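>>> Just to be clear, the model below is a prediction. Sequence and coordinates:
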Amino acid sequence: MKLTFPHMGNMYIVAKGMLEYLDLDVVVPPFSSKRTLSIGVKYGPEFACLPLKINLGNFIEARELGADTIIMAGGVGPCRFGLYAQVEREILEDLGYKYETLIFEPPDKHIGQFITKLKNVIGSNSWWKVFQAIKFGYQKSCAVDTIERKVQRLRPREKKVGTVDLIYKEALRSIDAAQSYQSLEEITSLALAKLENVPIDKDREVIKIGLLGEIFVLLEPFVNLDIERELGRLGVEVTRSIYLSEWINSHLLMNFAKKDKKKPFSELAKPYLNYFVGGHGRETIGYAVGFTQEGFQGLIQIAPLTCMPEIVAHNILPKIRSEFNIPIMTIYVDEHSSQAGMVTRIEAFVDLIKRQKALTFPNTL
């Protein structure tokens with residue numbers, strides 16, 4: 001059994017770490033690329049949102065490398081993500097790709113099914129080793145997010161553009177290769193030390209923007225057209241509404257690993273959206289309020305075109321924009337989205353924020 005899974009940002013580091021800890025054979029798909037997208041667009045339904053098409057391309061490219069078993073998450077609620085695995089499996093079968101598919105529904109909704117399907121993957125491994133594998137994978141996600149947050153802070157301040165990203169890429173490779181907790185800790189400490197020594201311009205004007213939206217688009221740089229890096233080059237410090245380790249802790253570990261100390265997004269969203277609309281629609285609203293309360297100067301919502309939960313949130317965000325007087329922009333992505341078009345839009349948005357800041361605090365510029 002050669003296991004594979006779709007890409008979603010740095011999730012491959014976590015998934016690979018957990019599966020290899022259990023001595024399972026893993027095939028990581030090539031990083032998502034124009035080829036991945038072209039394959040997904042060719043064989044995926046035209047009306048399907050972009051993540052499904054990227055996933056489909058990932059699976060076909062992984063099959064070319066020898067993968068024969070797909071591990072895929074399921075879902076609940078009105079978001080179409082819950083149907084991805086079934087649709088993708090049927091498409092792959094029609095194309096002649098022989099795959100076994102293991103679909104995991106969220107354990108907080110279907111714990112019995114989750115455990116049953118997990119047994120099919122772990123084989124003869126003990127539950128204790130499974131626990132240790134999950135713990136190790138989670139620690140890798142924490143290491144990635146710790147470094148990523150530091151990178152987001154330094155990108156708009158570095159004197160030589162690209163220095164921070166070189167350290168970041170090296171750190172990701174090292175975290176991916178780490179085989180023990182000790183090496184993981186040493187890698188994280190070394191990467192943070194290198195980042196601390198990056199020359200920065202302390203006098204540079206930096207604005208803070210919160211990124212909101214659907215998890216796949218937020219975490220996958222190829223899909224979001226590397227928006228975080230582009231914003232960093234424009235002098236923007238970015239914070240996302242979703243980080244990998246936080247999502248794993250809250251949705252897969254049910255807050256067992258770490259108590260969430262932040263005010264729940266659902267509480268912040270209540271005055272505007274007091275019910276579950278699927279996907280991350282309610283998180284988008286809750287974090288929009290939270291980021292505004294924390295003094296962020298702008299918000300960008302990013303989502304797949306036709307994403308229903310984010311469309312619901314999109315229609316509520318103008319009320320938040322009006323009440324808090326904060327600029328908000330929405331970017332929908334599909335296979336026709338371009339880097340140049342996205343950069344043009346965020347450049348105009350950043351200029352708008354700077355002009356608004358100059359009018360509000362004329363002596364700060």
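Structure's in. What do you need?

>>> For the strand or helix carrying residue 329, which strands pair with it and how are they oriented?
Assigned by DSSP states H and E, residue 329 belongs to strand 328-333. Paired neighbours of strand 328-333 in the sheet (DSSP bridges): strand 298-304 (parallel).

>>> List the contacts of the strand holding residue 329.
50, 217, 223-225, 227, 288, 298-305, 307, 314, 317-318, 320-321, 342, 345-346, 349 (C-beta atoms under 8 Å, 6 or more residues apart in numbering). Backbone N, C-alpha and C define where each C-beta goes, glycine included.

>>> pLDDT (mean, whole number) over that strand?
Mean per-residue pLDDT for strand 328-333: 97.

>>> And for stretch 311-323?
Per-residue scores along stretch 311-323 average to 97.

>>> in stretch 65-84, what counts as buried?
In terms of neighbour count (16 or more other C-beta atoms under 10 Å), stretch 65-84 has its buried residues at 67-75, 79-82, 84.

>>> Can you tell me what sits against it?
Residues contacting stretch 65-84 (C-beta under 8 Å, 6+ apart): 1-6, 15, 27, 29-30, 48-49, 51-52, 55, 59, 85, 88-89, 98-106, 109-110, 121, 276-279, 307-309.

>>> Now the terminal residues of that stretch, how far apart.
End-to-end span of stretch 65-84 (C-alpha to C-alpha, to the nearest Å): 22 Å.

>>> one step back: could you look up the next helix or strand downstream of the strand holding residue 329?
That would be, after strand 328-333 and using DSSP H and E, helix 339-360.

>>> now for the buried residues of stretch 65-84, which pair is the farthest apart?
68 and 79 (28.3 Å; C-beta to C-beta).

>>> got the contact list for the closest residue to residue 178 other than its chain neighbours?
Nearest non-adjacent residue to residue 178, counting by C-beta to C-beta, 6 or more residues apart in numbering: residue 184, 4.4 Å away. Residues in contact with residue 184 (C-beta under 8 Å, 6+ apart) are 139, 140, 143, 175, 178.

>>> Make CSV out of those and add pLDDT and secondary structure.
Listed next are the contacts of residue 184 as CSV, based on pLDDT from 0 to 100; DSSP: H, G, I helix; E, B strand; the rest coil:
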residue, pLDDT, secondary structure
139, 95, helix
140, 97, helix
143, 97, helix
175, 98, helix
178, 96, coil
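
>>> sorry, back to before: drop anything exposed from the contacts of strand 328-333.
50, 217, 223-225, 227, 288, 298-305, 307, 314, 317, 320-321, 342, 346, 349.

>>> Map the structural domains onto the sequence of this protein.
Following automatic domain parsing, one finds the domains of the chain at 2-123, 125-154+157-201, 206-365.

>>> Identify the residues contacting residue 312.
Applying C-beta under 8 Å, 6+ apart, the residues near residue 312 are 273, 277, 281.

>>> If you rank the residues you listed by neighbours, which is first?
residue 281 (28 neighbours; other C-beta atoms under 10 Å).

>>> for this structure, which spans come out with low pLDDT?
75-77, 105-118, 254-263, 361-365 (pLDDT under 70).

>>> So for it, the centremost residue is which one?
By C-alpha atoms, centre = their mean, the mean C-alpha position of the chain lies nearest to residue 219, the distance being 2.1 Å.

>>> these two touch, right, that one and residue 9?
Yes. Counting by C-beta atoms under 8 Å, residue 219 does reach residue 9; the two are 3.2 Å apart.

>>> Show me the strands in the protein, by range?
Shown for the chain, the strands assigned by DSSP state E span residues 2-4, 25-26, 69-73, 100-104, 207-213, 236-240, 298-304, 328-333.

>>> Distance to residue 357 added to those strands, as a markdown table?
Converted to a markdown table, the strands of the chain look like this (distance: least, C-beta to C-beta, whole Å):
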| stretch | distance to residue 357 |
| --- | --- |
| strand 2-4 | 47 |
| strand 25-26 | 48 |
| strand 69-73 | 40 |
| strand 100-104 | 45 |
| strand 207-213 | 7 |
| strand 236-240 | 12 |
| strand 298-304 | 10 |
| strand 328-333 | 15 |
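
>>> which one of these lies closest to residue 171?
Nearest of these (C-beta to C-beta): strand 236-240, 17.7 Å.

>>> Which elements pack onto that closest one?
Applying 3 or more C-beta pairs under 8 Å, 6 or more residues apart in numbering; DSSP states H and E, one finds that strand 236-240 contacts helix 127-154, strand 207-213, helix 227-233.

>>> okay, those, which one's buried deepest?
For these, the largest average neighbour count (mean count of other C-beta atoms under 10 Å) is found in strand 207-213, namely a mean of 24.

>>> Can you list the strands that that one pairs with?
According to DSSP bridges, strand 207-213 has these partners: strand 236-240 (parallel), strand 298-304 (parallel).

>>> just the angle between it and helix 127-154, please?
Interaxial angle, strand 207-213 versus helix 127-154 (axes from the mean of the first three to the mean of the last three C-alpha atoms, to 10 degrees): 140 degrees.

>>> Just checking the distance from strand 207-213 to the centre of its chain.
Between the centre of strand 207-213 and the centre of its chain there are 14 Å (C-alpha atoms, centre = their mean, to the nearest Å).

>>> same check, this time on stretch 151-171
Per C-alpha atoms, centre = their mean, the centroid offset for stretch 151-171 relative to its chain is 19 Å.
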